[in-house]
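**Student:** Following is a predicted model, sequence given first.
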Amino acid sequence: MHRNPGFRLPSLSTALFAFVTFFALVGFAAMALLAERRLESVESRVQSESVYLRGEALRMNFAKALGREWNSVKAVAGTLRMQSIDAARPRLTAISRISDSIAWAGIADASGKLVASSRPLLEGQDVSGSLWFRRGLGGNFIGAAETDDRLARLVPAETDGPVQYLDLSVAIHDDEGRAEGVLVYRLNVAWVQNYLVESAEVLDLDLFMVDGRGRVLFEHTEEFDQPLSPRARQVVASGQQGTFRVAQDADHDAFLALLPKVVTGEMASLDWRLVAQVPTRIAGFGLGSFVLSADILWLLLGFGTALLLGTALFSRYFLRPLRVLSREAQAIAEGRDTYPAEQHSSREAETLASAIVRIQRA
């Protein structure tokens with residue numbers, strides 16, 4: 001068998017060191033890739049749970065704030081009697097002044113006439129066609145004020161948008177338990193927006209309030225500074241609940257938390273839902289910064305040193321005897337009088353040494 005005279009075959013020790021180094025690097029790269037993917041999965045799950053929990057905390061706090069107004073209107077309605085409406089007017093005025101959430105408070109009789117109000121210009125108005133009156137006379141009601149409400153035109157809202165007021169109405173009963181009127185609190189949606197925006201800024205969330213049809217009533221965006229993407233609107237309109245990863249634009253994704261209805265129980269007629277959104281921040285393994293960190297560099301240096309030391313010991317104990325035997329066999333082939341030393345480092349070395357001895361004796 002002929003080969004190029006300038007070509008030199010590697011020794012077993014060189015081949016062993018090259019083999020160990022190559023597969024050590026391959027193993028490290030494979031572990032880094034697996035760690036990258038695993039960490040991305042963990043980060044995605046953590047962010048998904050985080051946006052939902054922050055959104056749920058905001059929802060619960062807002063529900064409590066709305067619940068306080070609801071308990072107030074129920075408590076006041078329980079103390080009112082239509083026979084003493086004149087005495088109720090100062091109370092209505094005081095109620096509307098105590099809380100900046102209330103635009104005005106009023107009382108309508110069973111015929112649908114507004115007989116008392118914290119805003120005197122509203123008294124005498126016919127509210128029999130108003131949803132808050134019809135539903136409130138039957139028990140209680142909470143919901144968005146109708147956009148064509150005459151009362152809304154008489155008392156302009158502080159903000160623009162598809163919803164400007166939120167009505168809370170409860171029936172007023174006589175001593176025999178029959179409904180004889182309705183007490184209404186008309187809340188400023190501006191108060192709702194300010195409450196939610198302040199909370200969203202603290203929790204670092206983009207926030208959207210949607211109704212039961214998925215229509216966005218108002219929004220607060222800082223992270224993306226743009227409305228919901230078409231894909232996000234589809235998810236919201238589906239009515240699902242949970243956290244979803246959706247495309248916000250061509251370059252960015254977002255985690256979207258679709259929360260339960262803001263309120264339930266007696267206030268279940270309000271079908272509003274909160275949607276919280278944050279951009280995805282999947283940093284991954286960060287291989288460059290990870291490898292360059294001092295702790296990892298020392299760890300890799302220690303591991304590499306131990307690996308090279310182990311390889312050197314393996315080469316010295318197992319490969320060096322074979323190298324000695326190959327030289328002795330070459331010397332015998334050249335006619336020199338050489339007696340091979342016994343080798344017991346491995347079965348192959350021992351067999352080869354015995355074979356060379358037999359060849360020399362022959």
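**Tutor:** Happy to help now that I have it.
**Student:** name the element residue 108 belongs to?
**Tutor:** Take DSSP states H and E as the rule and residue 108 turns out to sit in strand 102-109.
**Student:** With residue 15 instead?
**Tutor:** Counting by DSSP H and E, residue 15 is found in helix 12-79.
**Student:** got a list of contacts for the following helix or strand past that helix?
**Tutor:** Per DSSP H and E, the first helix or strand lying C-terminal to helix 12-79 is helix 85-98. Outside of helix 85-98, the residues within contact range by Cβ atoms under 8 Å, 6 or more residues apart in numbering are 72, 76, 80, 102-107, 115-119, 185. C-beta coordinates here come from the backbone N, C-alpha and C atoms, glycine included.
**Student:** tell me which residues of helix 85-98 are tucked away?
**Tutor:** Buried residues in helix 85-98, counted by 16 or more other Cβ atoms under 10 Å: 85, 88-89, 91-93, 95-96.
**Student:** so how far is it from its chain's centroid?
**Tutor:** 45 Å (Cα atoms, centre = their mean, to the nearest Å).
**Student:** From what I see, residue 59 and residue 259 are in contact.
**Tutor:** Yes: in terms of Cβ atoms under 8 Å, residue 59 counts as a neighbour of residue 259; the distance is 5.0 Å.
**Student:** Between those two, tell me which one has more neighbours.
**Tutor:** Counted by other Cβ atoms under 10 Å, residue 59 and residue 259 do not tie: residue 59 has more neighbours, with 22 against 18.
**Student:** Contacts only, for the more buried one.
**Tutor:** Contacts were defined as Cβ under 8 Å, 6+ apart; by that measure residue 59 touches 259-260, 262, 274.
**Student:** So for residue 59 and residue 259, which residues contact both of them?
**Tutor:** With Cβ under 8 Å, 6+ apart, residue 59 and residue 259 have common neighbours residue 274.
**Student:** Which strands and helices lie in contact with the very next helix or strand once past the strand holding residue 108?
**Tutor:** Next along the chain after strand 102-109, taking DSSP H and E as the criterion, comes strand 114-117. Counting contacts by 3 or more Cβ pairs under 8 Å, 6 or more residues apart in numbering; DSSP states H and E, strand 114-117 packs against helix 85-98, strand 102-109.
**Student:** buried set for strand 114-117?
**Tutor:** Buried residues in strand 114-117, counting neighbours by 16+ other Cβ under 10 Å, are found at 114-117.
**Student:** Also stretch 188-207?
**Tutor:** Buried-residue list, stretch 188-207, by 16+ other Cβ under 10 Å: 188-193, 195-196, 199-200, 203, 205-207.
**Student:** Export the residues you listed as a markdown table, with columns for secondary structure, pLDDT and distance to residue 25.
**Tutor:** Below are these laid out as a markdown table (DSSP: H, G, I helix; E, B strand; the rest coil; pLDDT from 0 to 100; distance: Cβ to Cβ, whole Å):
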| residue | secondary structure | pLDDT | distance to residue 25 |
| --- | --- | --- | --- |
| 188 | strand | 89 | 66 |
| 189 | helix | 88 | 62 |
| 190 | helix | 88 | 63 |
| 191 | helix | 89 | 63 |
| 192 | helix | 88 | 59 |
| 193 | helix | 89 | 57 |
| 195 | helix | 89 | 57 |
| 196 | helix | 90 | 53 |
| 199 | helix | 89 | 51 |
| 200 | helix | 89 | 48 |
| 203 | helix | 88 | 45 |
| 205 | coil | 89 | 44 |
| 206 | strand | 89 | 44 |
| 207 | strand | 90 | 48 |
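**Student:** how would you label residue 274: helix, strand or coil?
**Tutor:** Following DSSP: H, G, I helix; E, B strand; the rest coil, we place residue 274 in the strand state.
**Student:** if I pick it, what's in contact with it?
**Tutor:** 55, 58-59, 62, 196, 207-210, 259, 262.
**Student:** same check, this time on residue 192
**Tutor:** Taking Cβ under 8 Å, 6+ apart, one finds 62, 101, 166, 209 in contact with residue 192.
**Student:** Show me the two of these that sit farthest apart.
**Tutor:** Distances among these were taken as Cβ to Cβ; the most separated pair is 101 and 209, at 15.6 Å.
**Student:** how about low-confidence regions in the stretch 251-362 of the chain?
**Tutor:** Where the stretch 251-362 of the chain drops to pLDDT under 70, the residues are 282-293, 296, 339-342, 344, 360-362.
**Student:** Which parts of it are strands?
**Tutor:** 253-261, 273-279 (DSSP state E, counting those that start in this stretch).
**Student:** Buried residues of the first one, list them for me.
**Tutor:** Residues 253-259, 261 are the ones in strand 253-261 that count as buried (16+ other Cβ under 10 Å).
**Student:** Helices of the stretch 101-250 of the chain, residue ranges please.
**Tutor:** Counting by DSSP state H, counting those that start in this stretch, the segments of the stretch 101-250 of the chain that form helices are 131-137, 150-154, 189-203, 230-237.
**Student:** can I get the ones you listed in CSV with distance to residue 144?
**Tutor:** Compiled in CSV, these are given as follows (distance: least, Cβ to Cβ, whole Å):
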stretch, distance to residue 144
helix 131-137, 9
helix 150-154, 11
helix 189-203, 8
helix 230-237, 18
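**Student:** Lowest mean pLDDT across those, which one is that?
**Tutor:** Among the helices of the stretch 101-250 of the chain, helix 150-154 has the lowest mean pLDDT, at a mean of 77.
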